[in-house]
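> model this:
(one chain, ligands or ions: 1)
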Amino acid sequence: MIPLCIPEVKGSEWEYIKDCLDTNWLSSVGSYVNKFEEDFAKYVKAKKAVVTMNGTAALELALRTLGIGKGDEVIVSSLTFISPVNTIKYVGAEPVFVDICKDTWVMDADKIEELITEKTKAILPVHIYGHPVDMDKIMELAKKYNLYVVEDATESLGSLYKGKATGTIGHIGCYSFNGNKLITTGAGGMLVTNNEKLGERAKYLSTQTKIVLENGAFYHEEIGYNFRMPNILAALGCAQLENIENYIEAKRDHAKLYNNLLKDVRGITLPTEKEGITNINWLYSIVVEDDYYLTRDELIIKLMESGVQSRPFFMAVHKMPPYRECKHGDMAVTNEVVEKGINLPSSVGLLYDDIRKICNIIKQVD
Ligand SMILES: *Cc1c(COP(=O)(O)O)cnc(C)c1O
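Numbers count the residues shown, from 1 in each chain. Model prediction:
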């Protein structure tokens, strides 16, 4: 079986975790926690990074740090892993769904303005499957309407928007280090910001708003949260981050081969890379159009029968029971793309021969 996306462990992971065990620094304070935050901030070129126990916690922390809550609206796309939408609800705010672009599958910045109301407090771009949202337009709208921008850059870690790392363009950016992401800590997340004050507030909220008094007692001025990541997982993160450039190169290399092998297949639309963008293609994805000889779901079964794991695109969140009543714009593109998209195997360790095998199955008309 060729799996969809599995982690790569080739570096100092064992050594750093052993160091935690040998020195008894296992919990959420320790040198690897600080190092992972510093190294990650440096890597994406953000002023401040705050580790969290998972990507969902980073997103919730971002919204709480910005004071988004009851009565507020946050504009988000519907083709996304559900996590960012759930966090909008966790803080008591309401998601408002905007349609996506046909070629990049991320939120359509040109359809946002019509959804902005008095209640809108933030835009939450999710750079799905690796292609960045058109951030210049998002930041322009944010400025015009005085909105916050929280980027979910989980799937675009390694992608660049006009030379900048996704996640560092809005007010706050969030990442997940779940097992299937570009780098993993098993479970984990990160919040980054270029605003020192927001960074400090995020760290404070994520560590139970703990203030240590002179006599060592803990004082809490407001309600805090335990969103921390243990040192032992941060150690894993430090090791993974050391290899990130190799992982990015592998993913881009794989996408190039996929693109070459599939470019002339009738009815298959390939992923894009807009001008000024470097797309990591976190999950290499294609759209199965009506003139392909199989339906999307038939192709998924055919791949599975040949030992290839693939996955349909995320289902539209605005059609899930908890979100059916939420406001949204015209969702025609979302509704179409979610029915036709497929993620193909995208592990860093994928072999060229695997890609050839997968593409041969897609190309072969039975
Ligand atoms: C994986 C993922 C998350 C959630 O991360 P967890 O670490 O599993 O909480 C959030 N957003 C996107 C786009 C993701 O792909």
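> Near residue 1, how many other residues are there?
Neighbourhood size, residue 1 [other Cβ atoms under 10 Å]: 9. Where C-beta positions appear, they are placed from N, C-alpha and C, glycine not excepted.
> was I right about it contacting residue 309?
Yes: in this structure residue 1 lies within contact range of residue 309 using Cβ atoms under 8 Å: 6.2 Å.
> Give me the distance between the closest residue to the ligand within the stretch 1-150 of the chain and residue 83.
Closest contact between the stretch 1-150 of the chain and the ligand, by Cβ to the nearest ligand atom, is at residue 55 (2.7 Å). The spacing between residue 55 and residue 83, counted by Cβ to Cβ, to the nearest Å, is 6 Å.
> same question, residue 298
Relative to residue 83, residue 298 is positioned 29 Å away (Cβ to Cβ).
> Between the two, which is the more surrounded one?
Higher neighbour count among residue 298 and residue 83: residue 83, with 22 against 12, using other Cβ under 10 Å.
> so who does the more buried one touch?
Shown in contact with residue 83 (Cβ atoms under 8 Å, 6 or more residues apart in numbering): 55, 56, 59, 152, 176.
> ok, so what distance separates it from residue 172?
Residue 83 sits at a distance of 15 Å from residue 172 (criterion: Cβ to Cβ).
> what do you get for residue 238?
Counting by Cβ to Cβ - residue 238 and residue 172 are separated by 22 Å.
> So for the two, which sits in the more crowded spot?
A direct count of neighbours by other Cβ under 10 Å for residue 238 and residue 172 places residue 172 higher, at 30 against 22.
> Now do the shared contacts for residue 55 and residue 83.
With Cβ under 8 Å, 6+ apart, residue 55 and residue 83 have common neighbours 152, 176.
> what's around residue 198, how many residues?
Applying other Cβ under 10 Å, I find that residue 198 has 21 neighbouring residues.
> my bad, residue 280
Residues near residue 280, counting by other Cβ under 10 Å, number 25.
> ok so, going back, out of the contacts of residue 83, which two sit at the greatest distance?
Maximum pairwise distance among the contacts of residue 83 (Cβ to Cβ): 10.0 Å, between 56 and 152.
> For those two, indicate the residue with more neighbours.
Between residue 56 and residue 152, residue 152 has the larger neighbour count (other Cβ under 10 Å), namely 31 against 23.
> mind listing what the closest residue to the more buried one other than its chain neighbours touches?
Excluding the flanking residues, the one nearest residue 152 by Cβ to Cβ, 6 or more residues apart in numbering is residue 126, at 4.2 Å. Contact analysis of residue 126 by Cβ under 8 Å, 6+ apart lists 76, 77, 80, 81, 84, 106, 107, 133, 152, 154, 155.
> same thing with residue 202?
Shown in contact with residue 202 (Cβ under 8 Å, 6+ apart): 48, 50, 61, 62, 65, 172, 191, 193.
> Compute the distance between the residue of the stretch 251-366 of the chain found nearest the ligand and residue 182, please.
Nearest residue of the stretch 251-366 of the chain to the ligand: residue 282, at 8.1 Å (Cβ to the nearest ligand atom). Using Cβ to Cβ, residue 282 is found at 6 Å from residue 182.
> shared neighbours, those two?
Residues touching both residue 282 and residue 182 (Cβ under 8 Å, 6+ apart): 157, 158, 251.
> which of the residues you listed has the most neighbours?
For the shared contacts of residue 282 and residue 182, the largest neighbour count, defined by other Cβ under 10 Å, is 27 neighbours, found at residue 157.
> tell me the pLDDT at that residue?
pLDDT, residue 157: 98.
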